[in-house]
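A.B. asks: I would like the atomic coordinates for the input below:
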Amino acid sequence: MATYVKSVTFDCRDALVVGRFWAAALGGELEEDSTSGKAFVEAAGWGGPNLWFQRVPEPRTAKLRMHFDLRAPDGVAAEVKRLEALGATVFDDQGDLVVMQDPEGNEFCVEL
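C.D. replies: Coordinates of the predicted model:
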């Protein structure tokens, strides 16, 4: 049997804040015993990997070398607006591709 990705782990200042954002953004379930030190988001029905968030003492110091590309089935503008309401910010708007940041500044893209 081949190896598979079980979860994607994020280092962050507040695991609960980032975990809540990604659970709402992706329609996943935030584990009920999540805290600011650790949070777990179970993937929605699409079958992707689960997301794990853990508090670390050091701040992020450089651009992420890996990020999510989110497909916007109802259009980029509508998805950007929804994600902004959840706490994301626009970093770079290229029209059909928008680079955003989650509540702790982790970049991700929204595209068709």
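
A.B. asks: okay, domains of this protein per the record?
C.D. replies: 7-58, 67-112 (automatic domain parsing).

A.B. asks: let me have the ones you listed in CSV, extended by mean neighbour count and distance to residue 1.
C.D. replies: For the C-beta atoms, the positions are set from N, CA and C on the backbone; glycine is no exception. Listed next are the domains of the chain as CSV, based on neighbours: other Cβ atoms under 10 Å; distance: least, Cβ to Cβ, whole Å:
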stretch, mean neighbour count, distance to residue 1
domain 7-58, 16, 16
domain 67-112, 15, 26
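
A.B. asks: mean pLDDT added to those, as JSON lines?
C.D. replies: Listed next are the domains of the chain as JSON lines, based on pLDDT from 0 to 100:
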{"stretch": "domain 7-58", "mean pLDDT": "94"}
{"stretch": "domain 67-112", "mean pLDDT": "95"}
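
A.B. asks: just the pLDDT for residue 1.
C.D. replies: With respect to pLDDT, residue 1 has a value of 82.

A.B. asks: now do the contacts for it.
C.D. replies: By Cβ atoms under 8 Å, 6 or more residues apart in numbering, no residues touch residue 1.

A.B. asks: how close does it get to residue 47?
C.D. replies: 16 Å (Cβ to Cβ, to the nearest Å).

A.B. asks: so which residues of this protein form helices?
C.D. replies: Secondary structure of the chain, counting by DSSP state H: helices at 15-26, 76-86.

A.B. asks: dump the ones you listed into CSV; add distance to residue 43 as well.
C.D. replies: CSV is the format used below for the helices of the chain (distance: least, Cβ to Cβ, whole Å):
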stretch, distance to residue 43
helix 15-26, 7
helix 76-86, 17
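
A.B. asks: mind listing what the residue nearest the centre of the chain touches?
C.D. replies: Taking Cα atoms, centre = their mean, the centroid of the chain lies closest to residue 22, which sits 4.3 Å from it. Listed by Cβ under 8 Å, 6+ apart, the contact partners of residue 22 are 28, 41, 51, 53, 102.

A.B. asks: okay then, goodbye and thanks.
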